[in-house]
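Engineer: after the sequence you'll find the predicted model.
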Amino acid sequence: MGALIVDGKGEILLVRSYKWGRKYIVPGGHIELGERSEAAIKREVKEEVGLEVEPVKLLLVQEAIYPADYIKHEHYIFLDYLCRAHESKVELDGDEIQEHIWMLPKDALQLDLEIFTRNLVQAYMKLGPENIN
């Protein structure tokens, strides 16, 4: 699962991880046994980037079968949530995430985004401001 995190200025948080070939991705991770997806996304974001977020909506479901950029040969179903940040001060975990950047979604498309992240940013941009809250 992934979190497309939007701050009060309309910028999104992108991070880099060695696990995804140093391409830009969104924070996220796995759902623990017995955990609801909304609780999992909040927990994963807090663990990876130190932010308190509120899931707004499930934005995109994607299937990744042996993703080319990922360090492992695995099969994933991504539940990608649009999330609101309560703050924008990022504290990286120092393990899975090595860098971060806040930027406008249209500018993010110029970066070296991992393909599932690119799909997520494009889906967000299609929403329109009236459908985000």
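Structural biologist: Great, that's in hand.
Engineer: going forward, measure contacts and count neighbours with C-alpha atoms only.
Structural biologist: Will do.
Engineer: list the contacts of stretch 14-22.
Structural biologist: 23-27, 69-71, 96-103, 114 (CA atoms under 8 Å, 6 or more residues apart in numbering).
Engineer: most distant residue from the middle of this structure?
Structural biologist: Gly34 (21.8 Å; CA atoms, centre = their mean).
Engineer: what's the spacing between the longest strand anywhere in the chain and its chain's center?
Structural biologist: The single longest strand within the chain, with elements called by DSSP state E, is strand 53-65. Chain-centre distance of strand 53-65: 8 Å, with CA atoms, centre = their mean, to the nearest Å.
Engineer: in it, what's buried?
Structural biologist: Buried residues in strand 53-65, counted by 16 or more other CA atoms under 10 Å: 53-55, 59-60.
Engineer: tell me which other helices or strands it touches.
Structural biologist: helix 37-49, strand 75-85, helix 115-127 (3 or more CA pairs under 8 Å, 6 or more residues apart in numbering; DSSP states H and E).
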